[in-house]
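Asks: Provided below are the primary sequence and the corresponding predicted coordinates.
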Amino acid sequence: MFEDIRFANEAAANRNAGGVVVLIAGRGVGMPGDHPSEAFEFAADFEFDNSGSSADLEATLR
């Protein structure tokens, strides 16, 4: 399990090891992200919205 995948080669290594890529998005709105590691230039296998409360996210993940 990789908890922080930022590049396509890391996503590929995770998938090659039998893993999936999960994007939990929504909390970083308005935050600067001009570093190459923030580009997220690969597809996630699953994506979850985290713009609500922690209870909302927990309900979504169940």
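Replies: Arrived safely, thanks for sending.
Asks: Can you tell me the centre-most residue of this structure?
Replies: Central residue of the chain (CA atoms, centre = their mean): Leu23, 2.4 Å from the mean position.
Asks: now it, which residues is it bridged with?
Replies: Glu47 (DSSP bridges).
Asks: next one: phi and psi at the residue of the chain positioned farthest from its centre?
Replies: Ranked by distance from the centre of the chain (CA atoms, centre = their mean), the top residue is Ala55, with 18.7 Å. When read as degrees, to the nearest 10, the backbone of Ala55 gives phi -70, psi -40.
Asks: now it: how far from Ala25?
Replies: Distance from Ala55 to Ala25, counting by CB to CB, to the nearest Å: 18 Å. Every C-beta, even on glycine, is put in place using the N, C-alpha and C of the backbone.
Asks: ditto for Ser54
Replies: Ser54 sits 15 Å away from Ala25, going by CB to CB.
Asks: Which of those two has more residues huddled nearby?
Replies: More crowded of Ser54 and Ala25, by other CB atoms under 10 Å: Ala25, with 13 against 8.
Asks: residues contacting the residue nearest to the centre of the chain?
Replies: Phe40, Ala44, Phe46, Glu47, Phe48 (CB atoms under 8 Å, 6 or more residues apart in numbering).
Asks: Could you find the closest non-adjacent residue to the third one?
Replies: If I follow you right, that is Phe46. The spatially closest residue to Phe46, leaving aside those adjacent along the chain, is Val22, at 4.8 Å (CB to CB, 6 or more residues apart in numbering).
Asks: What is the neighbour count of that neighbour?
Replies: By other CB under 10 Å, 13 other residues sit near Val22.
Asks: Going forward, the N-terminal residue is numbered 33.
Replies: Let's use 33 as the start, then, which means that last one is Val54.
Asks: tell me the contacts of it?
Replies: Ala76, Asp77, Phe78, Glu79, Phe80 are the contacts of Val54 under CB under 8 Å, 6+ apart.
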